[in-house]
Every structure is written in structure tokens, then in C-alpha cells.
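Participant: Starting from these lines, generate the structure:
(chains A and B)
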Amino acid sequence: GAGVSQSPRYKVAKRGQDVALRCDPISGHVSLFWYQQALGQGPEFLTYFQNEAQLDKSGLPSDRFFAERPEGSVSTLKIQRTQQEDSAVYLCASSPRDRGTDTQYFGPGTRLTVL
Amino acid sequence: DAKTTQPPSMDCAEGRAANLPCNHSTISGNEYVYWYRQIHSQGPQYIIHGLKNNETNEMASLIITEDRKSSTLILPHATLRDTAVYYCIVRVFTGNQFYFGTGTSLTVIP
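Facilitator: Residues are numbered from 1 along each chain as shown, chains lettered A, B, ... in the order given. I've put the predicted structure just below:
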């Protein structure tokens, strides 16, 4: 079956622009996660949804970062007034269980470059 | 969640077993050991996880020491496609997130 998909795969933004990154999780998966991966580092947790509820946003680096999942399926990560340090790969993962336990299935990521 | 320590890089000859070590000396009783890998330009891929007993699946085997302070991921017959960064993670089963660290970069050599 289809895996987690993300769009766009690549995004170039000028500093100060707003961007929106989309994640389509595996159909029926209750839990959805966003991670940020800087060059040469492992992924770092940003936020977690259970259905449409955002249960943990402790990893969001600033109030410029905002995530939503209004209907409990597709999710969007929005970054306002982008800065150069926001350049990274943004990964989305989904999991079938309602507590985010067990396996998380990752998408290919969106590579964001802020000039 | 407990911190893990992995060697930054390893090489393995194609066709040989790749043994990737991980130390997690501060692991607590309810924390599982997970392994993921990330091939260049792809998202992380789940490999295997375990609590106390050794585990095996179609991809790999996981050997956890009796005191649970360390583990080894074994790829029995490494191929060039196994070249990737391998992450050892310990996490409570009900945890929301994975702490990936920097992992081990495995290079399989022809």
C-alpha cells in the first residue's frame, strides 16, 4: 500500500517568506509526527498529533512554527518568516496506534533551503 | 528517555555479517530498544525492536545483553543496499517521540 508522502520534496524560500509543508500519512493511521533533521544530524522531534488533536508540541523551536491536522489525516507544518537556521529536512511519520507506540513510518522528507 | 552511544562509523565487506553495537547503560526497565536506518535522501526506516529477549525478523537480528545495558544489531549478509546510517534508540513503549542521536554510518564495501 501507499506509504507516507510529503510535498513538496524540495522548497527554496527567501528569508522572511512563509512556507507550508504537507504530509499525507498512511490511510487510517491515528498518530502523526513531525521531525526536523539538520545536515549531518539525526531527526529531532517537533510535534505529535493523535487524530486532529495536537498532544505534544514541545519540540517546536519557536512560535514561528505551527502545525495542524484539522481532519485527522493530512497535516501541514507552517513556518512563518523563515530564517536561515530553518534550513533542514522536515520529516513526517505516522503510526497506526493511538499512543504513537511501536513503529513509526516515515515519509521521504521535504528539504527546505532558506536563502 | 535513556541516551545511547554508538560508534560514528563502521565498514563491512559485502556478504559478511555486519554487527552494529549500541550502549545504553542508563536504560530503565520499561524502555525498549529500537533500531532504525536512514539511507541517503530517504526517511528513516524501521528495522527491529525488543525489550529483553533477542529478536529476529526478515531484516536483522537484535541481541540484547542480559543486563540490558547494551545491544547489537546484526545484518547477517550485508549488501551494498545496506549502506546507511543506523540509529539505536531507547524509548518507553508509550512514548511519543524517538530520540535519534547521530547514529552509526555503515558502509558496505564490495
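
Participant: what's in contact with stretch B:62-79?
Facilitator: Residues outside stretch B:62-79 that contact it (CB atoms under 8 Å, 6 or more residues apart in numbering or on different chains) are B:12-25, B:27, B:33, B:35, B:47-56, B:59-61, B:82, B:86, B:88, B:106, B:108. Bear in mind the C-beta positions are built from the backbone N, C-alpha and C, glycine included.

Participant: Show me what counts as buried in that stretch.
Facilitator: B:L62, B:I63, B:I64, B:R68, B:S70, B:S71, B:T72, B:L73, B:I74, B:L75, B:A78 (16 or more other CB atoms under 10 Å in any protein chain shown).

Participant: what's across from the second one in the sheet?
Facilitator: By that I understand B:I63. According to DSSP bridges, the partner residues bridging B:I63 are B:T72.

Participant: any idea how far it lies from chain A?
Facilitator: 20 Å (CB to the nearest CB, to the nearest Å).

Participant: Just give the nearest non-adjacent residue to the spatially most central residue of chain A, would you?
Facilitator: Central residue of chain A (CA atoms, centre = their mean): A:W34, 3.3 Å from the mean position. Of all residues not flanking A:W34 in the chain, A:L46 sits nearest, at 4.2 Å (CB to CB, 6 or more residues apart in numbering or on different chains).

Participant: where does the chain have low pLDDT?
Facilitator: Using chain A. Counting by pLDDT under 70, chain A has low-confidence residues at A:1, A:98-102.

Participant: wrong one, I was asking about chain B
Facilitator: In chain B, residues with pLDDT under 70: B:1-2, B:93-95.

Participant: Chain A contacts on that one?
Facilitator: When proximity is defined by CB under 8 Å from any CB of the partner chain, chain B lies next to chain A at B:41-46, B:49, B:85, B:87, B:93-103.

Participant: cutoff 7 Å now
Facilitator: With CB under 7 Å from any CB of the partner chain as the criterion, chain B meets chain A at residues B:42-44, B:46, B:87, B:93-94, B:96-98, B:100-103.

Participant: May I have the phi/psi pair for B:T26?
Facilitator: In terms of degrees, to the nearest 10, the main-chain angles of B:T26 are phi -100, psi 20.

Participant: ok, back up a step: the residue nearest to A:W34 sits in which helix or strand?
Facilitator: Element membership of A:L46 [criterion: DSSP states H and E] is strand A:44-50.

Participant: That strand pairs with which strands, parallel or anti?
Facilitator: Strand A:44-50 is paired, per DSSP bridges, with strand A:31-37 (antiparallel), strand A:53-56 (antiparallel).

Participant: Please spell out which residues along it are buried.
Facilitator: So for strand A:44-50, counting by 16+ other CB under 10 Å, buried means A:E44, A:F45, A:L46, A:T47, A:Y48, A:F49, A:Q50.

Participant: Specify which member of those residues is nearest to chain B.
Facilitator: Using CB to the nearest CB, A:F45 comes nearest to chain B of the buried residues of strand A:44-50, at 3.8 Å.

Participant: Name all residues that make contact with that closest one.
Facilitator: A:F33, A:Y35, A:G59, B:Q97 (CB atoms under 7 Å, 6 or more residues apart in numbering or on different chains).

Participant: Spell out, range by range, the strands that occur in chain B.
Facilitator: B:9-13, B:18-23, B:31-38, B:45-50, B:55-56, B:61-64, B:70-75, B:84-92, B:104-109 (DSSP state E).

Participant: Please identify the pairing partners of the shortest one and their relative orientation?
Facilitator: According to DSSP bridges, the neighbouring strands of strand B:55-56, each with its direction, are strand B:61-64 (antiparallel).
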